[in-house]
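Trainee: A structural model of the following input is requested.
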Amino acid sequence: MKKLLDLVDVSILQEIQNKFADATSVAVLICDETGVPITEASNFTSFCRYVRSSPEGFRRCMLSDEYVGRMAAQRQRPVLHRCHSGLVDFAAPIVLRGRYIGAILCGQVLMTDTELNTISDMRMDKNQLELNTEELWTHYNQLLFKKKSEIEAIAELLFVTANHIVKICDAYLTKKELSRKSDKLFKELQRRTQLERDLKETELKFLQSQINPHFLFNTLNTISRIAYMEQAEQTQEVTYLLAKILRYSLKNTEQYVTFEEEIEHVRNYLLIQQTRYRHKIDFQLEVEKPLLAMQVPIFTIQPIIENAIVHGFEPSGEPIHISLHAYQTRNKVIIEILDDGIGIEDQTRSLPSKKLKQTTGIGLANVDKRLKHGFGMEWGIADIRKREHGGTKVNIELPVSG
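Mentor: Purely as a prediction, here's the structure:
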């Protein structure tokens, strides 16, 4: 909760205080929850000004103001008490949403002794203030006497004024809360709009890359048959794998597939790359069996594997091992992808949103966005980091389904 000065402008408090002082002809001061004045004093008596001119007197006045303010907050109504100098003060608490944030203090008056019996007393020795006694008494003799009934009537009016300040503060808080909610909603709408735009752009790029699928498949089947007749087994195998990859790739990019289908696609992709680079690429795919039926967005894994080859293998051409391990903890699914290639430049990247090269038309950042869109903002690519002995580690975290 903010402090009183954070919730209402001091000029507004000063105006309220001055009008109250003019109407009641008593000294008025608004302080915070610790007794520290917020406003300039109105109608302060010369006696109190003189007492506060002493460092010890000022300290005692702060203590007295804090005491009566907190007493009023505890009782949730105006209270009367005698300050350390023996004057009658009264306070109304400013309590916002159950929290004491300040008080309006009034008083600096005298009452007859018979009326003082019911008022709490915290008087201290004035001799410790190091003030001129004669001048102190001169100021004291100028103080006004007021009846207890007058003071109680002023105190009730003070309570109404304090509640008016509370309403001003509450209106400010409500406005801020609504503004925060509006900003949050606006940012969420921006995020969703951007995500939809990214998905549409991805879909458009994907559609633009399609050159008559039937023609492609027919051509690949023809190549496969020729390879079979020529007994070119490796050519036939690569052609078969490429056909499967194309068939998988032509699915809608917003479509969900089983994790088993995604892993099969990754395996086909890696087998082709193995052939292309003469077995310099080695891989291992391990998935806990219960996870195979889990639904994931298409192209969740393959862009990350391709990123490992393009950035971790191709620049050097040195052999690389790529491994994938998918397992379930108590409350989430973790997909860990490791390679022992060159590794990323930075030691640690907690998010993939930095502009990594987009090798698939989808890219790591888009993979993360699609996972967050599908499962929630707390899920997606949780970590990308350089491994201690070389290579890169990518962790994906997804919720446990079912």
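Trainee: lowest-pLDDT helix or strand in the chain?
Mentor: strand 348-349 (a mean of 48; mean pLDDT, DSSP states H and E).
Trainee: C-terminal to that one, what's the next element?
Mentor: Heading C-terminal from strand 348-349, the first helix or strand you meet, by DSSP states H and E, is helix 363-375.
Trainee: Quick one: mean pLDDT over that following helix.
Mentor: Mean pLDDT, helix 363-375: 87.
Trainee: chain center to the following helix or strand past it, what's the gap?
Mentor: Proceeding N to C from helix 363-375, the next assigned helix or strand is strand 380-386, under DSSP H and E. Here strand 380-386 shows a centroid-to-chain-centroid distance of 21 Å under the convention Cα atoms, centre = their mean, to the nearest Å.
Trainee: Give me the helices and strands touching strand 380-386, please.
Mentor: Counting by 3 or more Cβ pairs under 8 Å, 6 or more residues apart in numbering; DSSP states H and E, the packing neighbours recorded for strand 380-386 are strand 348-349, helix 363-375, strand 392-399. For glycine as for every other residue, the C-beta is placed from the backbone atoms N, C-alpha and C.
Trainee: Mind listing what's buried along stretch 259-275?
Mentor: 259, 261-273 (16 or more other Cβ atoms under 10 Å).
Trainee: err, stretch 44-62, not the other one
Mentor: Buried-residue list, stretch 44-62, by 16+ other Cβ under 10 Å: 45, 47, 48, 50, 51, 52, 54, 57, 60, 61, 62.
Trainee: any chance of the buried residues of stretch 259-275 in a markdown table, with pLDDT, secondary structure and distance to residue 371 too?
Mentor: What follows is the buried residues of stretch 259-275, written out as a markdown table (pLDDT from 0 to 100; DSSP: H, G, I helix; E, B strand; the rest coil; distance: Cβ to Cβ, whole Å):
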| residue | pLDDT | secondary structure | distance to residue 371 |
| --- | --- | --- | --- |
| 259 | 95 | helix | 13 |
| 261 | 94 | helix | 16 |
| 262 | 94 | helix | 12 |
| 263 | 96 | helix | 16 |
| 264 | 94 | helix | 20 |
| 265 | 92 | helix | 17 |
| 266 | 95 | helix | 16 |
| 267 | 93 | helix | 21 |
| 268 | 91 | helix | 22 |
| 269 | 90 | helix | 19 |
| 270 | 92 | helix | 21 |
| 271 | 90 | helix | 26 |
| 272 | 87 | helix | 25 |
| 273 | 89 | helix | 24 |
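Trainee: How about residue 52, nearest residue that isn't a chain neighbour?
Mentor: Closest residue in space to residue 52, ignoring its immediate chain neighbours: residue 58 at 4.7 Å, by Cβ to Cβ, 6 or more residues apart in numbering.
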